[in-house]
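**Student:** missing the sequence, but the structure's below:
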């Protein structure tokens, strides 16, 4: 991926992959990132056994190169039960898993950024049954309906932000015990 933007000085090349790192931008640029995109990208690439590198010069632009290993597929793998359950509710999951299945704790994930929500879900799905909400209002309804064991929420979201969501969850006797 290459651009013709402001570039990144060589002393910052390794730091840009650190979580929450933000390079200094001229005051004229208003599109400051959150500092997590390249960190997440690096983790995805690492999970797939690849590497990511950067070439950049000030005022010349930046080029990111992702290298992923390609392996020949020797046999078709069976779709796991987890993959079949994507989007299933906790009750549906319990029915499909059977009576002897170990029940995972339920986690309500409230995040408006679809890519970041997917990243979190993908990293937490082995430990939790994931319930998703794309904003605070939806998150509140799902918290009241499912009574999850844990809620992970973004702060800045449309409709209802994470702080208001937390206040409403903690002020409702039905959900006040849930860690947020």
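**Tutor:** Perfect, thanks for sending it. Predicted model only: the values in this text are computed from it and were never measured.

**Student:** low-confidence stretches in the protein?
**Tutor:** Residue ranges of the chain with pLDDT under 70: 20-35, 71-102.

**Student:** which parts of it are strands?
**Tutor:** With DSSP state E, the ranges of strands along the chain come out as 51-57, 61-67, 106-110, 129-133, 150-153.

**Student:** separation between the residue nearest to residue 141 when sequence neighbours are not counted and residue 143?
**Tutor:** Distances taken as CB to CB, 6 or more residues apart in numbering place residue 133 nearest to residue 141, at 7.8 Å, with adjacent residues excluded. The way it works is simple: take the backbone N, C-alpha and C, and place the C-beta from them, glycine included. Per CB to CB, to the nearest Å, residue 133 is found 8 Å from residue 143.

**Student:** find residues that contact each of these two.
**Tutor:** residue 108 (CB atoms under 8 Å, 6 or more residues apart in numbering).

**Student:** with neighbour numbers in mind, choose between these two.
**Tutor:** Legend: neighbour count by other CB atoms under 10 Å for residue 133 and residue 143, higher for residue 143 (25 against 22).

**Student:** how close does that one get to residue 151?
**Tutor:** On the measure of CB to CB, residue 143 and residue 151 end up 6 Å apart.

**Student:** which neighbours do those two share?
**Tutor:** By CB under 8 Å, 6+ apart, residue 143 and residue 151 have these common neighbours: 108, 169, 178.

**Student:** isn't the last one right up against residue 146?
**Tutor:** No. Using CB atoms under 8 Å as the test, residue 178 is too far from residue 146 to be in contact (10.1 Å).

**Student:** neighbours around the residue lying closest to residue 42 once chain neighbours are set aside, how many?
**Tutor:** The shortest distance from residue 42 to any non-neighbouring residue, by CB to CB, 6+ apart, is to residue 17 (4.7 Å). Other residues near residue 17 come to 17 when the count uses other CB under 10 Å.

**Student:** correct me, but residue 17 touches residue 40?
**Tutor:** No. Counting by CB under 8 Å, residue 17 stays clear of residue 40, with 9.9 Å between them.
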